[in-house]
Each structure stands twice: as C-alpha cells, then as structure tokens.
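Chemist: Show me how the following folds:
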Amino acid sequence: MKLADRVNKIQPSPTLAIDAKAKALKAQGVDVVGFGAGEPDFDTPVNIREAGKKAIDAGFTRYMPVGGADDLKDAIIAKMKRDHGLEYTRDEISVACGAKHTLYNISQALIQEGDEVIIPGPYWVSYPDQVVLAGGTPVFIMTDESTGFKITPDQLDKTITPKTKYLILNSPCNPTGSTYSKEELAALGQVLLKHDHVLVVADDIYERLIYDGLKFYNIAQVVPELKGRTIVVNGVSKTYAMTGWRIGYACGPKELMAAMTKMQSQSTSNAASIAQKASVEAMNGSQDAVAAMCVEFEKRRTYIVDRLNAMPGVSCFKSNGAFYVFPNFSGCYGKTTPAGKKIENSTDFAAYLLEDAKVALVPGIAFGDDRYARLSYAISMENIKKGMDRIEEAIKNLK
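Modeler: Model (predicted):
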C-alpha cells in the first residue's frame, strides 16, 4: 500500500504520544508521574455536566447546523462582548470539534501553496504541521528567556514578506506560559498595521488561566483597526476542564467563517450537539469553578518553578499563564547516566527520566528548542512534589 505523500510530511503529536506512553506504563502497574498531558486534572464543573445530561434527556441528539447552534453562537457573542468589548454576529462565528480542529479549518481555508505563516517559537506542536498539510511554509521567530519567550516588533517586521499569510499569536503560550501585555500587543499591532496583507490568528485558548494579577488582552481589543484581519480562536477545553467534550470556535470575517464551515461540512459536520449545550452553560453560567482552578494552578506553578530553579544545571522561566513550565535542562547535557549513556539532547534527557526516574515530560525539540522540556502542572500537588523529587535525584545521579 502506498500512502499519500502528505502523511510523511508531518509527525504524530509528540505530546499525545508521551501521554499515551505514560498511561500505558501506569496500566502495567508502573508508578509514573506524568507531566505530559495538556489538560486540567479537575472534573468538568457540575453545572456544565448537568446541562449535558439535560440535553440528552431532552433528546438534543440530532444533527446540528455545521457551523454551530444559534444558542451557542449567541453565548460566544455575549462572552466576546463581555470579556473583550469585541462585537460579532452569528455569521462571524464558526464552531468546530475543539480549538485544534478550528485551527486546522483556518489553515485549510486560507493557505495556498507557497504561502508563509509566521509562528513564534517555542510553539505548540500542531501549528507547523497544520501549515505544511495545507501546502504552506512555517516561518519561525525563535525566542527565549531573555525576552520572556515573546517576539519583538523588530523581529516581526523583519520576518514579514509578501508571501506572509498570517501570524499565529498564542497568549498565554503553550509551551512556555508567557503572556503578552497590552503594551506589547499594541507595539506588535503597529507593525501589522503597516502590512495590510497579513492576518492574525489569535489563539486565546488559555486566556482565563492567567496569574500574578495580570489581565488578559486580545490584539483586536488593543488595536481595534486589526479586528477585521484577526481570527480569534478559543474553546472550552482548558478553561472549563472540558477537554473531552471537543468544542472550539473562531470569531472573524464572515467570508472566512463561511469557508471554514464549508470545509467542515465535508469532514466532521457539526460538533457534538450535547457538548454544544453544555458549552452554552459553561459560558453563561457560574464562573466560580474557573477562579478556583486558577488559584490552585498558581500555587502549583510557584512551587514547581522554585523547585526546578534550585536544581543544578536547570533554569526555569516563571510563566504567568496556561499550566506549563518550560525549563532549560541543557546544563545537564554532556553528562552520563548511571547506565553509561551520554545525555546529548532533550530527547535523551526525557528518555532517561522516563526509564530511570519514572517521570514523563515532553522534549523541547517537539516545540522547536532542544534546550528545554515542557512540564504540565495540571496534575495534583502530591504528584508534582513526587515528580520534582524524582527529577532532582535523577539529575544528581548524572556524572
């Protein structure tokens, strides 16, 4: 059997692969601390679960409009107005099977062969592959701790070419947790205003998971002139611990939303009807559970950063959003494991931790920078402490 060439142009999601490997070991009875998963360890709030149950009992189990039910679109419209002062109409909303699916629809509807998409790095693992699948070329602007893992206006200006289709702006960021301030977005916006052929895909999936008293801003909110060129992507997975419900959405120009809906009509059709009803409750109902999650995430973040920075050969940027840390483990490279294997890169280091310390994390190479690794602190404090103890001991055992 000969597979299509496009299959060989991309890699399986490394974050899902690591999580699957950790779960497989746990199923075998191995005590693994898994820092790989990008999903909250909290249950979906009760009011949202009840809304899903009511939808089932009411027989809300049929096909839906491909681009989303009107009541969910109305809830999204109200949320965007309430939270960001951005106004949309129903034909400027498209609902899909998760934010990842939404981003895929955008790439398929926008990118022509040879188009370039600017991706700040370190980046979420699926951005480049989705661009490649659509026939585009990912163009990376790499960052590090010195800029808080954020691109500068000068970097952006120098990277834009006539072939640039859009910029992906993920804030708070996966994998670094970095978050752009209002002033930083305004400065990037001024650059984008000079290049009117460039669109912005604002991936805001972690917008509510933000700490240290910071306030979230969207670039279209900060630079209103960019609203017509901005596609806001969001969903309920991270904010409401609804990863399995698979609801994501985009807000943007109606021509693009119609094109995305057209593409979706030939792939998945509508997102699950029951999940859509639950998502209406998530957006319109009590937000107390979200606030409680944030308090716990911030405690975990502070603990894990302090522990990592105290380890020899490790430095860790104190992220202020999402539920990830992205420590630099390159100080451990060049050393040898107790079994005599030399640690050359993030893949070797991750393999060593999994084999010897029974700790699973994602190698930084998956996000574009081999010096780092990503750890999710969307696990219990008990497991975080156990995992930190194991990593510390594993590093001490290197020679």
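Chemist: Residue 81 reaches residue 89, doesn't it?
Modeler: No. Counting by C-beta atoms under 8 Å, residue 81 stays clear of residue 89, with 11.3 Å between them. Where you see a C-beta, it was placed from the backbone N, CA and C, and this is true even at glycine.
Chemist: Show me where the stretch 251-399 of the chain has its strands.
Modeler: For the stretch 251-399 of the chain, applying DSSP state E, counting those that start in this stretch gives strands covering 324-325, 359-360, 362-363, 373-376.
Chemist: These into a markdown table, with extra columns for mean pLDDT and mean neighbour count?
Modeler: Listed next are the strands of the stretch 251-399 of the chain as a markdown table, based on pLDDT from 0 to 100; neighbours: other C-beta atoms under 10 Å:
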| stretch | mean pLDDT | mean neighbour count |
| --- | --- | --- |
| strand 324-325 | 98 | 26 |
| strand 359-360 | 95 | 25 |
| strand 362-363 | 94 | 24 |
| strand 373-376 | 97 | 28 |
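Chemist: Now distance to residue 67 too, for those strands, in a markdown table please.
Modeler: Shown next, in a markdown table, are the strands of the stretch 251-399 of the chain (distance: least, C-beta to C-beta, whole Å):
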| stretch | distance to residue 67 |
| --- | --- |
| strand 324-325 | 31 |
| strand 359-360 | 37 |
| strand 362-363 | 33 |
| strand 373-376 | 31 |
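Chemist: quick one: which of the ones you listed is nearest residue 399?
Modeler: Nearest of those to residue 399, taken as C-beta to C-beta: strand 359-360 at 19.1 Å.
Chemist: Now do the closest one: everything it contacts.
Modeler: Contacting residues not belonging to strand 359-360 are listed as 18-19, 21-22, 25, 32-36, 350, 353-354, 387, 390-391, 394 [C-beta atoms under 8 Å, 6 or more residues apart in numbering].
Chemist: Quick one, which of these are buried?
Modeler: By neighbour count, with 16 or more other C-beta atoms under 10 Å, these hold 18-19, 22, 25, 32-36, 350, 353-354, 387, 390-391, 394 as buried.
Chemist: Among the contacts of strand 359-360, which ones are in helices?
Modeler: Per DSSP state H, helices hold the following members of the contacts of strand 359-360: 18-19, 21-22, 25, 350, 387, 390-391, 394.
Chemist: Checking residue 190 next. Helix, strand or coil?
Modeler: helix (DSSP: H, G, I helix; E, B strand; the rest coil).
Chemist: tally of neighbours for the residue nearest to it when sequence neighbours are not counted?
Modeler: In space, residue 190 comes closest to residue 153 once its chain neighbours are excluded; the distance is 6.8 Å by C-beta to C-beta, 6 or more residues apart in numbering. Neighbours of residue 153 under the rule other C-beta atoms under 10 Å: 15.
Chemist: got any ranges where the stretch 151-300 of the chain has weak pLDDT?
Modeler: Filtered on pLDDT under 70, the stretch 151-300 of the chain yields no residues whatsoever.
Chemist: Going along the chain, name the helices of it.
Modeler: 153-159, 182-194, 219-222, 254-265, 273-284, 288-309 (DSSP state H, counting those that start in this stretch).
Chemist: Next, format the ones you listed as TSV and append distance to residue 144.
Modeler: Shown next, in TSV, are those (distance: least, C-beta to C-beta, whole Å):
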stretch	distance to residue 144
helix 153-159	12
helix 182-194	16
helix 219-222	22
helix 254-265	33
helix 273-284	35
helix 288-309	16
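Chemist: so which of those helices comes closest to residue 126?
Modeler: Of these, nearest to residue 126 by C-beta to C-beta is helix 254-265, at 16.6 Å.
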